[in-house]
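**Student:** sequence plus the predicted model coming up.
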Amino acid sequence: LGSVEGLSCSTAGMFPAASFTLSSSINVCHLRISQKSAAAVDLKASTPASRAVSVRRPLHLGSVGYKRARQQRAVARKADCRALKGGVTMSASTMIGVLGSVEAAEKGEAPVEEVASACKQAAVLFDFDGTLGDTETPAMEVAYWELAPYFAGITPAGITESAKSEFIRDNAGKAFEFMVEVADEARSKAGMSSIAEAKASKSEDPSVLAVVDEARARFGLPTFKAMRSGEAKEEADFLTMQKDETVEALRTLAKPCPGVPSTLKTLGAMGVRVAIATTSGKPRVPVSVVAAELTEYFPPEKIHSGESDFDPPRFKPDPSVYLLAAESEKAAPADAVAVEDSASGVGSASNAGVGLIVGYVGASHIADEVADSHARMLMAGTRADNGQGAQIVISDMTELPKLVAFFAMERAQGRSAPFTFPQELLASIKGQYWV
C-alpha cells in the first residue's frame, strides 16, 4: 500500500461511492461508505503495509448504473497500481473482489468482470488418484494384497494393518512397476528368486497365501486357492493381473475426494478449464471417473495418462503428462495450476513449469497424524529438477477456487511464482493449510 502519507484511493470498482485513506502509520486503513444504505466499516491491517489488508465482513451496497460502474472500476485499477508500487502483491479492493467472485460462483452467480476474464485464461490440471478420486486407498490395498505373498521374509504374523498402512503411505502415487522393482531388489538381497519366477513356480508360502486370500475375498478378487485349483483364471503376467484387478475393484470402490464435486462446479462457474494429468493408466482412470460420477467435468478427451498416452510410458516426475494436459486445454504451463498429493506428481508439475502447484492432503490415504509431514514433503520439491515444490498445501478441496482466482489475477498482472499469498486470503481458508 506504499509509503505515501495521506494517499486517498477509490475502491469504487468493487464498492460504489467508497474510498479509503491511509494514515502515515500505514497500519490502519479506514473505509468510508457514502451511500446512505450502507453502514461504515473499518478495514484494519495489524501487520506492516507489505501484507494484505484483512476484511472484517463482506459488504452489500446495492447496484449502480453500468456506465458509472465502469468509470469507478477504472479509478480503482489506478489506485491498485499505486498501491502495488508500495510492495503489496494484491491490493485490498482486488482481493475483496477475488473472494467475492468465488463466493458468487459458489452460489451460481456471475463473478466480477475482471476476475471472470482472468479465470478464463487459467486451467487447473488435476492428478487423479488421491486428489480428485479417493482411490489411492482401495488401489493401494489391492497392490498390497498382490505383493504381500512376495515380500522378502514375509510371515503371516507380518501381515498387519500397520504394515499395510505403512506400505500405502510409502507407495501412494508411485507406479506398480516401481513397487515390483523394490520388492524384487529385496528378494534378490535375501537370496530369493524374482517375483515372476516365484509366481510361475507357485512357490509362495501357503500360510501367507491363506491370510492374503481372506483379504482378496473381501475385495471381490479371485483367491489364490481358486486360481490354483482352476476355479478362477490366473494371469501369468503379474502387471496384467494387477491392472485388471485394480480396475475391477475401482468400478465399485472409486469415490470422489471430499468436496470435489462442488469444487469442480465452482471452477466451471468461474470459467476455469480443467483436465486430468495422471500417471495411472487407462481404463483404470476413466472407469474411476465414471464410478465417482465426474464424467460431466472429465470426458475421455480430458483424461491424460503418463502410462497410456506415451510409448514408452512416461511416469511422473517426467513432465510430459502435464505438458500434454496443458496443451490440450490451450494453456501455457505458466498459466496452469496443478493439484497434487504425491512427491513425484509435484515434481512432474514443477518440471513442466506449471505456474502454481497446490498440494492436497485431504484424501483418506493420508491419515491426520501424518498430514503435516506429508504436506511438508510436498513443499520440499525433492522430485523436482529445480527443487521447487508445492507453494501451498490445503486439506479442504473446496478452498481451491480461491487460490485459482488469486493466481489468475496475479497472472493477469504479469506476475509469476513465487507468490505472496495475501493474509486476507489465507485467513479465509477453512481447515489446515501450509505455506
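**Tutor:** Cool, the structure landed. Residues are numbered from 1 along each chain as shown.

**Student:** burial check on the residue nearest to residue 428 when sequence neighbours are not counted, number of neighbours?
**Tutor:** Of all residues not flanking residue 428 in the chain, residue 99 sits nearest, at 6.0 Å (CB to CB, 6 or more residues apart in numbering). Where you see a C-beta, it was placed from the backbone N, CA and C, and this is true even at glycine. Counted with other CB atoms under 10 Å, residues neighbouring residue 99 total 21.

**Student:** check residue 410 too.
**Tutor:** Residues near residue 410, counting by other CB under 10 Å, number 22.

**Student:** let me know whether it touches residue 419 as I believe.
**Tutor:** Yes: Residue 410 is within contact range of residue 419, at 5.9 Å (criterion: CB atoms under 8 Å).

**Student:** list the contacts of the helix or strand residue 277 falls within.
**Tutor:** Applying DSSP states H and E as the criterion places residue 277 in strand 273-278. Residues outside strand 273-278 that contact it (CB atoms under 8 Å, 6 or more residues apart in numbering) are 122-129, 132, 264, 267-268, 285, 289, 297-298, 302-306, 321-322, 324-325, 328-329, 331, 338, 348-349.

**Student:** switch the cut-off to 7 Å
**Tutor:** 123-129, 132, 264, 267, 285, 297-298, 302-306, 321-322, 325, 328-329, 331 (CB atoms under 7 Å, 6 or more residues apart in numbering).

**Student:** try stretch 183-197
**Tutor:** Residues outside stretch 183-197 that contact it (CB under 7 Å, 6+ apart): 147, 150, 151, 152, 153, 180, 238.

**Student:** can you check stretch 363-377 too?
**Tutor:** 130-131, 134, 136-137, 140, 168-169, 172, 257, 341, 343, 359, 361, 393, 395, 432, 434.

**Student:** only the C-alpha atoms, please, for it, written as CSV.
**Tutor:** Extracted C-alpha coordinates of stretch 363-377, given in CSV (Å, rounded to 0.1, in the frame of the first residue of the first chain):
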residue,chain,number,x,y,z
ALA,A,363,-7.8,-37.9,0.8
SER,A,364,-8.3,-41.0,3.0
HIS,A,365,-4.9,-42.5,2.4
ILE,A,366,-3.3,-39.6,4.3
ALA,A,367,-4.0,-40.1,8.0
ASP,A,368,-4.5,-37.0,10.2
GLU,A,369,-1.4,-37.8,12.2
VAL,A,370,0.9,-37.7,9.1
ALA,A,371,-0.8,-34.8,7.3
ASP,A,372,1.8,-32.3,8.5
SER,A,373,4.8,-34.4,7.4
HIS,A,374,3.1,-35.2,4.1
ALA,A,375,2.4,-31.5,3.4
ARG,A,376,6.0,-30.6,4.2
MET,A,377,7.2,-33.4,1.9
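
**Student:** state the mean pLDDT of it.
**Tutor:** Averaged over stretch 363-377, pLDDT sits at 94.

**Student:** got it, and stretch 176-192?
**Tutor:** For stretch 176-192, the per-residue pLDDT averages 96.

**Student:** again, but for stretch 297-317
**Tutor:** Averaging pLDDT along stretch 297-317 gives 97.

**Student:** contact partners for the residue lying closest to residue 387 once chain neighbours are set aside?
**Tutor:** Counting by CB to CB, 6+ apart, residue 381 is the residue found nearest to residue 387 once chain neighbours are left out, at 4.8 Å. The contact partners of residue 381, taken as CB under 7 Å, 6+ apart, are 346, 350, 387, 388, 389.

**Student:** buried ones among the residues you listed?
**Tutor:** Buried residues within the contacts of residue 381, counting neighbours by 16 or more other CB atoms under 10 Å: 346, 350, 388, 389.

**Student:** these: which two are farthest apart?
**Tutor:** Farthest-apart pair in the buried ones among the contacts of residue 381 is 346 and 388; separation 8.7 Å (CB to CB).

**Student:** partners of residue 357 in the sheet?
**Tutor:** Counting by DSSP bridges, residue 357 is bridged to residue 338.

**Student:** what about residue 336, how many neighbours?
**Tutor:** By the measure other CB under 10 Å, the count of residues near residue 336 is 28.

**Student:** surely it touches residue 354?
**Tutor:** Yes: assessed by CB atoms under 7 Å, residue 336 is found in contact with residue 354 at 5.1 Å.

**Student:** joint contacts of those two?
**Tutor:** Shared contacts of residue 336 and residue 354, defined by CB under 7 Å, 6+ apart, comprise residue 125.

**Student:** tell me, how many residues neighbour the nearest residue to residue 203 once chain neighbours are set aside?
**Tutor:** Nearest residue to residue 203, sequence neighbours excluded (CB to CB, 6+ apart): residue 193, at 7.4 Å. The number of residues packed near residue 193 is 15, by other CB under 10 Å.

**Student:** check the one 4 residues further on too.
**Tutor:** Neighbours of residue 197 under the rule other CB under 10 Å: 12.

**Student:** before we move on, back to that, let's verify the residue nearest to residue 203: helix, strand, or coil?
**Tutor:** Following DSSP: H, G, I helix; E, B strand; the rest coil, residue 193 is assigned to coil.
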